[in-house]
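> Let me see the structure of the following:
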Amino acid sequence: MSLPKFPDLPDGYSINDSIAQVITSIAMEEIGLSHIINAEGEKIQYILGTLENSPSLQMPPTIEQILEVNESVKDMLGQVSFSQMFLMGKMQAALNAYQKKDPTPAVAPNAFVVGGTGSAVQFNGPSYFLPFGTPLHVVGSYVEKSLSNDFEFMIMANGTYTIDYQMAITYQTPPAGISVHAELVSANSGILAIIDFPPESNILRQQNVTAQLTAGDVIHVVMRQAGAGDLQPLSVHSQAINFTRIA
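Below is the predicted model:
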């Protein structure tokens, strides 16, 4: 497959031309994701024998094989959902940059998006502050990522915020007798939300919360294990968080 190529403009690219190319690239990524989703649907149709113009399986699949395909599809759709959060950040940043060219005063942007972890984070203790890696998209000035560490976010203005958080984990060994959850915590208000992770092999969870926050507050995510069983190591291999000041 050949690589996409942007057209050469005789006068170079203006800001709006560049923004248009960014939006075009987002649309192309969405088309690619739609093909992935379609392929995963056809995978299920094939093993169930309902895919048109497809040769029949020599032997009907076992329940274990159907569940294995279903697990594979669930994992892939989880990654597609995670990609959508990054595309949302790119689109929001592009649209806000375009609005700045409007001669009428624009509403101050108010979103902050951060995601990714780089390599998987290994967690095998009773509690752990989860770091955030790159890529990083910042729009506006209501929230800032801490300069001293990778897991704290500073609230810069009083207001009502919505916080969207998503995390995907993998257990090395599903825990027995252990409760595992992630806490979205405000230094001033305490726990804002709790995300539970059942003992499955691969898990994607997301949470949405609205909270009244004050300037100087610090937000972080902490992972906790509790219970009577032995602590079980797990990997946090993707996460994303989005702050939006709505009032």
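> Tell me the strands beside the strand or helix carrying Gln206, with direction?
Assessed by DSSP states H and E, Gln206 sits inside strand 202-213. Using DSSP bridges, strand 202-213 pairs in its sheet with strand 159-171 (antiparallel).
> Please spell out which residues along the helix or strand just after the partner strand are buried.
Elements were assigned by DSSP H and E; along the chain past strand 159-171, the next helix or strand is strand 178-186. Under the neighbour-count criterion of 16 or more other Cβ atoms under 10 Å, strand 178-186 has 178, 180, 182-186 buried. All C-beta atoms are positioned from the backbone trio N, CA, C, and that covers glycine.
> got it, and stretch 191-204?
Applying 16+ other Cβ under 10 Å to stretch 191-204 flags 192, 195, 197, 199, 202-204 as buried.
> neighbouring contacts of it?
71, 74-75, 78, 81-82, 163, 165-171, 174-176, 178-186, 205-207, 209, 211, 219 (Cβ atoms under 8 Å, 6 or more residues apart in numbering).
> Wait, a strand at Gln92?
No. Applying DSSP: H, G, I helix; E, B strand; the rest coil, one finds Gln92 to be helix, outside a strand.
> For Phe153, give the beta-bridge partners.
When bridges are called by DSSP bridges, Phe153 pairs up with Lys145, Ile219.
> just checking, it touches Asp217?
No. Using Cβ atoms under 8 Å, Phe153 is not in contact with Asp217; the gap is 9.0 Å.
> quick one on the thing from earlier: report the two of the buried residues of strand 178-186 separated the most.
Across the buried residues of strand 178-186, no pair lies farther apart than Ile178 and Ser186, at 25.9 Å, counting by Cβ to Cβ.
> I'd like to know which of the contacts of stretch 191-204 are buried.
Judged by 16+ other Cβ under 10 Å, buried ones among the contacts of stretch 191-204: 75, 78, 82, 163, 165-169, 171, 175, 178, 180, 182-186, 205-207, 211, 219.
> Take stretch 62-70, keep the C-alpha atoms, and write them as CSV.
The C-alpha trace of stretch 62-70 is given here as CSV (Å, rounded to 0.1, in the frame of the first residue of the first chain):
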residue,chain,number,x,y,z
THR,A,62,-17.2,-25.7,19.6
ILE,A,63,-18.5,-23.4,22.3
GLU,A,64,-14.8,-22.8,23.4
GLN,A,65,-13.9,-21.7,19.8
ILE,A,66,-16.9,-19.4,19.6
LEU,A,67,-16.0,-17.8,22.9
GLU,A,68,-12.4,-17.5,21.9
VAL,A,69,-13.4,-15.6,18.7
ASN,A,70,-15.8,-13.4,20.8
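> what comes up buried for that stretch?
Val69.
> Tell me how far it lies from the chain's centre.
Put simply, stretch 62-70 sits 27 Å off its chain's centre (Cα atoms, centre = their mean, to the nearest Å).
> do stretch 147-162 as well
Taking mean C-alpha positions (Cα atoms, centre = their mean), stretch 147-162 and its chain are 18 Å apart.
> For the closest residue to Gln206 other than its chain neighbours, list the residues it contacts.
Spatial nearest neighbour of Gln206, excluding adjacent residues (Cβ to Cβ, 6 or more residues apart in numbering): Gln166 at 4.1 Å. By Cβ under 8 Å, 6+ apart, the contact list for Gln166 reads 81-82, 85, 204-207, 238-241.
> Break down this structure into its strands, ranges please.
111-115, 121-123, 127-129, 136-138, 143-145, 153-155, 159-171, 178-186, 190-196, 202-213, 218-227, 234-245 (DSSP state E).
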